[in-house]
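**Q** I'll drop the sequence and a predicted model, then ask my questions.
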Amino acid sequence: MPMQKFLHKNDNVSLCYKDTCIHAKGSNANLLAVGTFVMLVLIGIASLSKTN
């Protein structure tokens, strides 16, 4: 699932794909940002391992 927007400002996070957005504030925003980062890293590692 590619993300079109990722905004992280003042403990507010908005993740948007097409017309659907998820908005989070405070500790939920940090959790969402870390979870998204980890997911993207794992997808990157998986795509690198597929090419070899």
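**A** Happy to help now that I have it. Please read all numbers here as calculations on a predicted model, not as lab measurements.
**Q** hey, let's count contacts and neighbours off CA atoms from now on
**A** Noted.
**Q** and the residue most central in space within the chain, what does it touch?
**A** Central residue of the chain (C-alpha atoms, centre = their mean): Thr36, 3.0 Å from the mean position. Not one residue lies near Thr36 by C-alpha atoms under 8 Å, 6 or more residues apart in numbering.
**Q** check which residues of the strand or helix carrying it are buried.
**A** Assigned by DSSP states H and E, Thr36 belongs to helix 27-51. Residues of helix 27-51 classed as buried under the neighbour-count rule (16 or more other C-alpha atoms under 10 Å) are Ala29, Asn30, Leu32, Ala33.
**Q** that helix - what's its average pLDDT?
**A** Average pLDDT, helix 27-51: 86.
**Q** run the chain-centre distance for it.
**A** Between the centre of helix 27-51 and the centre of its chain there are 7 Å (C-alpha atoms, centre = their mean, to the nearest Å).
**Q** ok, stretch 16-30 next?
**A** Centroid separation for stretch 16-30 versus its chain: 9 Å, with C-alpha atoms, centre = their mean.
**Q** with just CA atoms, put that stretch into CSV.
**A** Presented in CSV, the C-alpha positions along stretch 16-30 are these (Å, rounded to 0.1, in the frame of the first residue of the first chain):
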residue,chain,number,x,y,z
CYS,A,16,-3.4,9.6,3.4
TYR,A,17,-4.0,7.3,0.5
LYS,A,18,-6.2,8.5,-2.3
ASP,A,19,-9.2,10.1,-0.5
THR,A,20,-8.8,8.2,2.8
CYS,A,21,-6.8,9.7,5.7
ILE,A,22,-5.8,8.6,9.2
HIS,A,23,-5.2,11.4,11.6
ALA,A,24,-3.5,10.8,15.0
LYS,A,25,-2.3,13.0,17.9
GLY,A,26,0.1,12.6,20.8
SER,A,27,1.4,9.2,21.7
ASN,A,28,-0.9,7.6,19.1
ALA,A,29,0.8,9.7,16.4
ASN,A,30,4.3,8.5,17.6
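**Q** list the buried residues of it.
**A** The neighbour-count check on stretch 16-30 (16+ other C-alpha under 10 Å) flags Cys16, Ala24, Lys25, Ala29, Asn30 as buried.
**Q** got a markdown table for those residues, with distance to Ser49 too?
**A** What follows is the buried residues of stretch 16-30, written out as a markdown table (distance: C-alpha to C-alpha, whole Å):
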| residue | distance to Ser49 |
| --- | --- |
| Cys16 | 28 |
| Ala24 | 33 |
| Lys25 | 35 |
| Ala29 | 30 |
| Asn30 | 29 |
